[in-house]
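S.K.: Provide a 3D model corresponding to the input given below.
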Amino acid sequence: MRLHPAGPDTGIVFKRVDLIGGGTSIKATWANIADSRMCTVLADANGISVATVEHLMSAFCGLEIDNAVVELNGPEVPAMDGSAAPFAFLIECAGVAELDTPRRAMRILKQHSHIQGSKMVALGPWPDGLRVDFHIDFRAQAIGRQSCSFTVSRDTFKTEISRARTFGLLSDVTALREAGLARGGSLSNAIVVDGDRILNEEGLRHDNEFVRHKALDAVGDLYLTGHPIIGHFIGRCSSHADTARLMRQIYADRSCWEMVDMWQESSHASWLDQGTPLAFVDTVRGKTRRAATVR
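M.R.: This next block holds a predicted model:
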């Protein structure tokens, strides 16, 4: 995988360079979701796909990267260690460039929810950036009931969210491999749980790492709007598919959201809710903050 800079209003674009004819480009938007059962899969009109985009998308959101071209020589984003931390680290090592276009955000004006059995997702108004609350309840004793709450910022993402790894039950991993799936899965890129045991020798990075990873996934999936979200997301035992259904519901209700310019009092301040759209101003540098790209 290679990350390349992109101009204003490009968004995040995945490019399969392993294909004959120079490859195909797939924009990271909700309209291009082809599957969201085990992970988030994007595809073009011809069925050419890129799988497991959520961890990289989460890193883009957390580090405020609005425009980038992601070149891949295969059908899936590299697993790395199962978290977003390696992506965030490499993006920061490369550095980012500011563009002359102010950032735009999707502000949620009223709540929508999707409920299916014990699973629930909701997105409603929030005055201060993206708030994520997540709750899980697993029969496996090593996981059990966990919850977390974050207002997503660059610092919070890096320290509290990005390092949380994906996880699975040993019984599920065995079944997937027998079906020819998850062949690249190992203890180096996922937490594997067997009842009350965690099979990874190094243990957990956070006491509630499991639910933090669910929050990480949600941040990445929500960034398929193509813009930061000013709103409050709640997930209860929910999946990628539940978030996708919720967002289709929100997009269908045009009165539910509006696009606004963003501004901050400083480069680390919280997003502020205003009655009218304002420029996204970085007063530390004394100029309009620009959309970031990887370089």
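S.K.: in the chain, which spans are helices?
M.R.: For the chain, applying DSSP state H gives helices covering 54-62, 85-94, 154-156, 170-178, 209-222, 240-252.
S.K.: who does the closest residue to residue 120 other than its chain neighbours bridge with?
M.R.: Leaving out its chain neighbours, the residue that sits closest to residue 120 by C-beta to C-beta, 6 or more residues apart in numbering is residue 236, at 4.4 Å. All C-beta atoms are positioned from the backbone trio N, CA, C, and that covers glycine. Here residue 236 sits in beta bridges with residue 120, residue 135, going by DSSP bridges.
S.K.: So residue 236 is in contact with residue 117, correct?
M.R.: No: the criterion here is C-beta atoms under 8 Å, and residue 236 misses it with residue 117 at 10.6 Å.
S.K.: Look at the two and report which has more neighbours.
M.R.: Remark: of residue 236 and residue 117, residue 236 carries more neighbours, 17 against 6, as counted by other C-beta atoms under 10 Å.
S.K.: Enumerate every residue touching the more buried one.
M.R.: 118, 119, 120, 121, 134, 135, 136 (C-beta atoms under 8 Å, 6 or more residues apart in numbering).
S.K.: how close does residue 83 sit to residue 189?
M.R.: Applying C-beta to C-beta, to the nearest Å, the value for residue 83 to residue 189 is 9 Å.
S.K.: Now do the shared contacts for those two.
M.R.: Common contact partners of residue 83 and residue 189 (C-beta under 8 Å, 6+ apart): 165, 166.
S.K.: Give the residue from these two that has the larger number of neighbours.
M.R.: The residue with more neighbours, out of residue 83 and residue 189, is residue 83; 26 against 15, by other C-beta under 10 Å.
S.K.: so what's residue 74 closest to, chain neighbours aside?
M.R.: That would be residue 18: by C-beta to C-beta, 6+ apart, it lies 5.9 Å from residue 74.
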